[in-house]
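Trainee: The sequence and its predicted three-dimensional model are supplied below.
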Amino acid sequence: MLILYSLLLLAALAIILVGAELFTNSLEHLGERFGLSEGLVGSVFAAVATALPETVVPIIAVFFGGHDPTTGEHIGVGAILGSPLMLVTLALALVALFTGRQRGWNQPLKPEFSGMVRDLGYFTVAYSIALMSLFIPRSGGVPVAVGLSLVFLYGYYVFNTVQASARLVSHGHGTQADRSLHLKRIGLSHNFWLELLQLLGGLGLIIAGAKLFVTGVETIAALTGLSALVLSLVVVPIATEMPEKFNSILWVRRGKDTLAFGNLTGAMVFQSTLLPAFGLQLNSWAPSRDVLWTMAITLGMAVWTLFLTLRRRLTPASLLLNGAAYLLFLLVILLPGR
């Protein structure tokens with residue numbers, strides 16, 4: 001039975017990845033069509049697209065997960081907190097590993113500076129608010145007010161990014177799609193409507209895959225006796241963050257550092273605002289040991305990456321510390337007898 005549901009997780013992952021690939025491929029073409037900057041496409045459109053799996057998973061887990069609402073909430077909270085942790089630790093470390101072997105470990109990485117600082121700055125502020133929200137009163141509409149403030153913060157972030165887009169395009173950071181539209185390969189005529197059709201098709205696959213994945217996680221948690229929160233902190237992000245890691249590695253290997261890092265850091269901003277705004281409405285949004293440990297590692301690594309960016313020391317070697325932080329997280333979260 002356990003093997004069967006493990007295969008279900010793999011099938012769900014495959015569906016999610018196909019959907020995310022269709023979505024991001026169409027976004028590149030739409031970005032080029034409308035003359036958008038790499039920063040805007042990477043930090044907003046590609047980031048939101050590849051963040052859809054981890055966005056959909058907690059919503060489906062809470063509202064359509066199964067017969068146990070508490071388990072669904074634990075999966076939701078785990079998905080919300082595990083995703084930014086995965087991006088700021090393992091994802092950046094994987095980008096560093098692939099880039100270090102190609103360019104040299106001490107060669108500086110070159111994402112567009114203002115966009116990188118903007119993304120990490122917004123993330124640090126928003127995630128600090130999310131961390132403090134663990135200790136706010138659960139009555140009197142306070143969680144709703146804090147959630148709305150996070151939604152507003154993300155809206156203002158998008159506004160700033162859009163404002164910077166035209167300037168970045170004029171400085172040579174315009175988006176260029178270097179792969180043909182996937183649906184065109186089956187003989188269809190390439191136009192705006194085909195790009196939009198592929199975009200919506202990718203979204204549908206992502207939602208279907210997320211539903212399958214939640215079902216598998218709930219069942220495996222019941223069969224193994226593992227905490228649904230711990231399982232979702234570790235397993236869900238590994239699956240749902242694959243699109244970000246895969247696309248960023250491809251982009252950075254092709255020298256598109258702005259798209260590669262924007263894809264990751266833009267998703268981090270999305271995940272530190274809109275998702276916690278939803279999560280802090282749940283009863284399981286509480287300062288437990290696992291939650292606090294996860295958020296402390298995430299915030300610490302975000303500050304470290306921002307420090308490297310500001311000091312112009314963002315190199316593959318320096319980002320290996322992010323990977324070490326993820327290993328430390330796993331050691332503590334999966335420690336026997338905890």
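Mentor: Looks like it arrived, so ask away. Numbers count the residues shown, from 1 in each chain.
Trainee: Run a quick neighbour tally on Ile16.
Mentor: Ile16 is flanked by 28 other residues according to other C-beta atoms under 10 Å. Yep, even glycine has a C-beta here, placed from its N, CA and C like the rest.
Trainee: Excluding chain neighbours, give the residue nearest to Leu282 in space.
Mentor: Distances taken as C-beta to C-beta, 6 or more residues apart in numbering place Glu73 nearest to Leu282, at 4.9 Å, with adjacent residues excluded.
Trainee: Quick check, pLDDT for that neighbour.
Mentor: pLDDT recorded at Glu73 is 81.
Trainee: Could I get the contacting residues of it?
Mentor: If a contact means C-beta atoms under 8 Å, 6 or more residues apart in numbering, then Glu73 has Ala61, Val62, Leu282, Asn283, Ser284 as its contacts.
Trainee: again, 6 Å this time
Mentor: Each residue near Glu73 by C-beta atoms under 6 Å, 6 or more residues apart in numbering is listed here: Val62, Leu282, Ser284.
Trainee: three-state assignment of it?
Mentor: Per DSSP: H, G, I helix; E, B strand; the rest coil, the secondary structure class of Glu73 is helix.
Trainee: looking at this protein, which helix or strand does the model trust least?
Mentor: Within the chain, no helix or strand scores below helix 38-40, which has a mean of 69 by mean pLDDT, DSSP states H and E.
Trainee: pull the CA atoms of the next helix or strand after it into PDB?
Mentor: Scanning forward in sequence from helix 38-40 by DSSP states H and E, the next helix or strand is helix 47-64. Only the C-alpha atoms of helix 47-64 are listed here, as PDB (Å, rounded to 0.1, in the frame of the first residue of the first chain):
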ATOM      1  CA  ALA A  47       7.800  33.200  -9.900                       C
ATOM      2  CA  VAL A  48       4.100  33.200  -9.500                       C
ATOM      3  CA  ALA A  49       3.800  30.500 -12.200                       C
ATOM      4  CA  THR A  50       6.200  28.100 -10.600                       C
ATOM      5  CA  ALA A  51       4.900  29.000  -7.100                       C
ATOM      6  CA  LEU A  52       1.400  27.800  -8.200                       C
ATOM      7  CA  PRO A  53       2.000  24.200  -7.000                       C
ATOM      8  CA  GLU A  54       2.900  25.200  -3.500                       C
ATOM      9  CA  THR A  55       0.100  27.800  -3.500                       C
ATOM     10  CA  VAL A  56      -2.500  25.300  -4.600                       C
ATOM     11  CA  VAL A  57      -1.400  22.500  -2.200                       C
ATOM     12  CA  PRO A  58      -2.200  24.300   1.100                       C
ATOM     13  CA  ILE A  59      -5.500  25.600  -0.200                       C
ATOM     14  CA  ILE A  60      -6.600  22.100  -1.500                       C
ATOM     15  CA  ALA A  61      -5.300  20.500   1.700                       C
ATOM     16  CA  VAL A  62      -7.400  22.700   4.000                       C
ATOM     17  CA  PHE A  63     -10.600  22.800   2.000                       C
ATOM     18  CA  PHE A  64     -10.600  19.500   0.100                       C
END
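Trainee: distance between helix 47-64 and the chain's centre?
Mentor: Distance of helix 47-64 from the chain centroid (C-alpha atoms, centre = their mean, to the nearest Å) equals 10 Å.
Trainee: which residues of the stretch 51-200 of the chain fall in helices?
Mentor: 69-86, 92-103, 113-132, 142-170, 192-224 (DSSP state H, counting those that start in this stretch).
Trainee: Give me the distance from the longest one to the chain's centre.
Mentor: Helix 192-224 sits 15 Å away from the centroid of its parent chain (C-alpha atoms, centre = their mean).
Trainee: Okay, angle between the helix or strand that it is followed by and helix 69-86 too, please.
Mentor: Sequence order places helix 228-240 as the next helix or strand after helix 192-224, per DSSP H and E. Put simply, helix 228-240 runs at 50 degrees to helix 69-86, going by axes from the mean of the first three to the mean of the last three C-alpha atoms, to 10 degrees.
Trainee: Helix 228-240 packs against which elements?
Mentor: In terms of contacts (3 or more C-beta pairs under 6 Å, 6 or more residues apart in numbering; DSSP states H and E), helix 228-240 is packed against helix 47-64, helix 69-86.
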